[in-house]
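# Predicted model and sequence below, questions to follow.
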Amino acid sequence: MNQILHRVTSVCLYTYMLKASVPFGNYLFAKYYFLKVLIFYLTLPINLIEGTLRYGGLGGFSGLLIFFVLFAGVVRNPKVPYFVRFNACQALLLNISLLIITYILGIFSLPLPSLISIIFIASFSIFIFSVFQCIYGVEPEIPLISKSVRMQI
């Protein structure tokens, strides 16, 4: 029973990364409405947490608070099982990489719908892969990210 809780927790951690990829999916959401509904329900828990913190008085710092809580409370906590720590750190690094891509695209302001859609499809594919690996109880191996996660933990 305890291992099932670790797997479910690890799956929920990847919704934080999926929420960061939502702005890249706007072109696909306009074409495929079912995808928008699917992403809405998948990111609902993290949206509720961020919304509660945002309207609870933190404003725009709710995402930053969630990041620090996950990093300090889960990734750096030796009492948390390694499997959960690994997946939390990997989800945070994927989230950071998506934020960096967002800033780079914002600087160059290149409205390339195909490139932006490819970024969303890649992040959604990573999400699906990571979820299935977590359900099976295996650490998801994502090139470059998993290696840096192991160095951090």
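Yes, it's here.

# CA atoms for contacts and neighbours, from now on please.
Fine.

# Residue 41 and residue 53: what is the separation?
Residue 41 sits 19 Å away from residue 53 when distances are taken as CA to CA, to the nearest Å.

# So for those two, which sits in the more crowded spot?
residue 53 (18 against 10; other CA atoms under 10 Å).

# That one reaches residue 64, doesn't it?
No - between residue 53 and residue 64 there is no contact, the gap being 10.5 Å when judged by CA atoms under 8 Å.

# Any buried residues in the helix or strand encompassing residue 27, and which?
Per DSSP states H and E: residue 27 is located in helix 26-31. Of the residues in helix 26-31, 26, 28, 29 count as buried by neighbour count, 16 or more other CA atoms under 10 Å.

# what about the closest residue to residue 75 other than its chain neighbours, how many neighbours?
Distances taken as CA to CA, 6 or more residues apart in numbering place residue 85 nearest to residue 75, at 4.7 Å, with adjacent residues excluded. Applying other CA under 10 Å, we find 25 residues neighbouring residue 85.

# Kindly report the same for residue 16.
24.

# dump the residue contacts of it.
Taking CA atoms under 8 Å, 6 or more residues apart in numbering, we find residue 16 in contact with 43, 46, 91, 92, 95.

# Which helix or which strand is home to the last one?
Looking back up the chat, that one is residue 95. Here residue 95 is assigned to helix 82-108, by DSSP H and E.

# and the spatially most central residue of the chain, what pLDDT?
In the chain, the centroid-proximal residue (CA atoms, centre = their mean) is residue 17; its distance is 1.0 Å. Residue 17 is assigned 92 on the pLDDT scale.

# what do you get for the one 3 residues further on?
According to the per-residue confidence, residue 20 scores 91 in pLDDT.
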